[in-house]
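**Student:** Have a look at this fold, sequence not included:
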Ligand code: HAM
């Protein structure tokens, strides 16, 4: 027997019903925020990810050379594909572009709790707008989705940070542009490493300045409110002037938008979040459960130059967005009892006495299916008792009984499988009667 590959999942119908339920809610909220769904291939040119996505993701690529000699990769994330699509039609697309995507991604990671090799992401991005209002809109969508599932303020936090602050900080310390990337990567890892390991890594890059720089980094990581962010930026502006002042205004605008929409309680400032992906240029964030016992539920940020990089500088489109993963989200909902038991059964189950009655029932099944009902029945002839047991197990709301007596009188018996109540109706009035029963919420005791 073959098994699925490590880190991949089979979705048996019950599991797929859950996944579809989750995706249905996400789609609905995204549409409420006026985002449009798009799709792109799962297999892309390998080059799309090299350099643009960052070292970690590149080391996790599933890639191969196809029969035509092309180097290709299964998408590990959506952002480069999105940038490719939007960049190709940047002139003609109405701005801002507000797009979302639900699809499968592949990373060769060590399978563990919350991390697999195949997983689904919901991506939502706004392209064509530099204003922090766009960052606020995607963050609002993310929080709104989590709340729609029933997660409350104390379940999760959007940990908000800013690559610009880090860049201005390094500039104020006269760190050369060429070393910024390496230092940002050290800061990114510092939350997960022992302090000695961070110090060692920093010393390898900046032997002279490492202590001083690490002190400054710790100070920044301790900032946890917008007033301190603004104060910090003002202190940088003494060194580097306007850009730091402008950034303070951006922060105030972002926070004011989130406050007005009622999402601020779900946001915590945490400049320790730097994000591993190479293309981020502005606000960045990750969402974690407050219980602290899982990997990130979502991550995102602004990436203003990715479209330009991918189009060789022909087109520039500022962009901001996030991805929410299905693995950690489903674990979190399950743990908090927020995934309902979903029955995948039919609405109606037909129970028939014999060959003749079965033919009448099959005729009705077609009419009922055309009218939108989901209808099930035993494919082989079976005794009444067995069929009733199957009807009960099927998850159907009603059994439709085609006994000899009923069929001879052109009637059908409807049995409410929840209450056990029954009523008989004329065959030709079956649809009408079912609607009336549904409207009444079931078969009434004296009908
Ligand atoms: P990311 O932080 O790499 O960002 O992934 C976002 C989310 O995808 C994670 O928080 C996690 O829920 C899920 N995820 C990632 N890797 C795995 C895995 N191996 N197993 C299960 N779930 C996983 C990005 O992908 C960016 N492209 C997001 C983005 C969109 N930035 C701007 N727009």
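**Tutor:** Received, thanks. Keep in mind that what you see is a predicted model, and the values were worked out from it rather than measured.

**Student:** Which single residue of the stretch 251-400 of the chain ends up nearest the ligand?
**Tutor:** When scored by C-beta to the nearest ligand atom, the stretch 251-400 of the chain has residue 325 as its residue closest to the ligand, at 2.3 Å. The way it works is simple: take the backbone N, C-alpha and C, and place the C-beta from them, glycine included.

**Student:** what's the burial count for that residue?
**Tutor:** Using other C-beta atoms under 10 Å, the number of residues around residue 325 comes to 22.

**Student:** now it: how far from residue 78?
**Tutor:** 12 Å (C-beta to C-beta, to the nearest Å).

**Student:** overlap in contacts of these two?
**Tutor:** By C-beta atoms under 8 Å, 6 or more residues apart in numbering, residue 325 and residue 78 have these common neighbours: residue 121.

**Student:** Flag every residue of the stretch 151-300 of the chain that's near the ligand.
**Tutor:** Taking C-beta under 6 Å from any ligand atom as the measure of proximity, the stretch 151-300 of the chain contacts the ligand at 277, 296, 297, 298, 299, 300.

**Student:** what's the last one sitting at in phi/psi?
**Tutor:** Dihedral pair for residue 300: phi -170, psi -170, per degrees, to the nearest 10.

**Student:** Tell me if I'm right that it and residue 282 touch.
**Tutor:** No - counting by C-beta atoms under 8 Å, residue 300 stays clear of residue 282, with 10.8 Å between them.

**Student:** residue ranges with poor pLDDT in this structure?
**Tutor:** For the chain, the stretches with pLDDT under 70 are 446-447.

**Student:** got the domain boundaries for it?
**Tutor:** 13-335, 348-440 (automatic domain parsing).

**Student:** Tell me which of those domains lies nearest to residue 3.
**Tutor:** domain 13-335 (13.1 Å; C-beta to C-beta).

**Student:** Distance from that closest one to the middle of the chain?
**Tutor:** Chain-centre distance of domain 13-335: 13 Å, with C-alpha atoms, centre = their mean, to the nearest Å.

**Student:** That one: end-to-end distance?
**Tutor:** Terminal residues of domain 13-335 are spaced 21 Å apart (C-alpha to C-alpha, to the nearest Å).

**Student:** any idea which of the domains of the chain is most buried?
**Tutor:** domain 13-335 (a mean of 18; mean count of other C-beta atoms under 10 Å).

**Student:** Can you add distance to residue 307 and secondary structure and give the residues of the stretch 151-300 of the chain next to the ligand back as a markdown table?
**Tutor:** Output for these, formatted as a markdown table (distance: C-beta to C-beta, whole Å; DSSP: H, G, I helix; E, B strand; the rest coil):
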| residue | distance to residue 307 | secondary structure |
| --- | --- | --- |
| 277 | 15 | coil |
| 296 | 25 | coil |
| 297 | 27 | coil |
| 298 | 22 | strand |
| 299 | 20 | strand |
| 300 | 16 | strand |
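
**Student:** could you show me where the helices are in the stretch 251-400 of the chain, in order?
**Tutor:** 306-310, 326-335, 355-370, 384-394 (DSSP state H, counting those that start in this stretch).

**Student:** In JSON lines: the ones you listed, plus distance to residue 16.
**Tutor:** Converted to JSON lines, the helices of the stretch 251-400 of the chain look like this (distance: least, C-beta to C-beta, whole Å):
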{"stretch": "helix 306-310", "distance to residue 16": "33"}
{"stretch": "helix 326-335", "distance to residue 16": "12"}
{"stretch": "helix 355-370", "distance to residue 16": "21"}
{"stretch": "helix 384-394", "distance to residue 16": "18"}
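
**Student:** what's the closest of those helices to residue 12?
**Tutor:** Here helix 326-335 is closest among those (C-beta to C-beta), at 14.5 Å.

**Student:** who does that closest one touch, helix- and strand-wise?
**Tutor:** The elements that helix 326-335 packs onto, with contact taken as 3 or more C-beta pairs under 8 Å, 6 or more residues apart in numbering; DSSP states H and E, are helix 13-32, strand 118-127.

**Student:** Try it again at 10 Å.
**Tutor:** helix 13-32, strand 97-106, strand 118-127, helix 132-148, strand 283-289 (3 or more C-beta pairs under 10 Å, 6 or more residues apart in numbering; DSSP states H and E).

**Student:** Do the longest one and the ligand come into contact?
**Tutor:** No - contact check for helix 13-32 against the ligand, using C-beta under 6 Å from any ligand atom: none in range, with a minimum separation of 12.7 Å.
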